[in-house]
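Asks: sequence unknown, structure follows:
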């Protein structure tokens, strides 16, 4: 058996008929990749800024920053979902971004809590949990809306209904939780 010229430049896996995906499939030069990445991190970035600059000192009432973290978490998830084509991908990207962001927000709440309290959560952790739960509720709402608008070609038109419903749902859930 002789090799055709140029066969030795192809990877062994391709020559044997087994194509494997590249190690780094993300193309970070594309703007949509950055939108999706920022969407997943919008809530955690907002929470980190809040917890570093002016951490909460009372867990009894919702603060404007609690609403802001929840809304940015839900809005970021909606933006991530709007980058995807197809109903299933839009739904899973939106919900996945919301869950990831909520996990990071709660982790930040734990790390930035400072003192440990017995019998009750620290204000930082209480607000992080409320904002994360509300953000996930908003992301779920946006994911459901994303299914309905997935066939629209314009990403901006796909984003707006999901974004608005996500922010409204997040605000409602923060008000109910706190």
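Replies: Arrived safely, thanks for sending. Computed from a predicted model, the values in this text were never measured in an experiment.
Asks: okay, now residue 154: neighbour count?
Replies: Counted with other C-beta atoms under 10 Å, the burial measure for residue 154 works out to 10 neighbours. Any C-beta I mention is one placed from the backbone N, CA and C, and that applies to glycine too.
Asks: for it, give me the pLDDT.
Replies: Predicted confidence (pLDDT) at residue 154: the value is 84.
Asks: cool, and residue 1?
Replies: The predicted local distance difference test score for residue 1 is 51.
Asks: how about low-confidence regions in the chain?
Replies: Residue ranges of the chain with pLDDT under 70: 1-31, 115-121.
Asks: okay, helices next: where are they in this structure?
Replies: Ranges of helices within the chain are 12-15, 31-53, 64-82, 87-111, 123-149, 155-177, based on DSSP state H.
Asks: could you report the neighbour count for residue 52?
Replies: Should you count by other C-beta under 10 Å, residue 52 turns out to have 10 residues around it.
Asks: would you confirm that it contacts residue 111?
Replies: No. Here residue 52 lies out of contact with residue 111, judged by C-beta atoms under 8 Å, at a distance of 10.8 Å.
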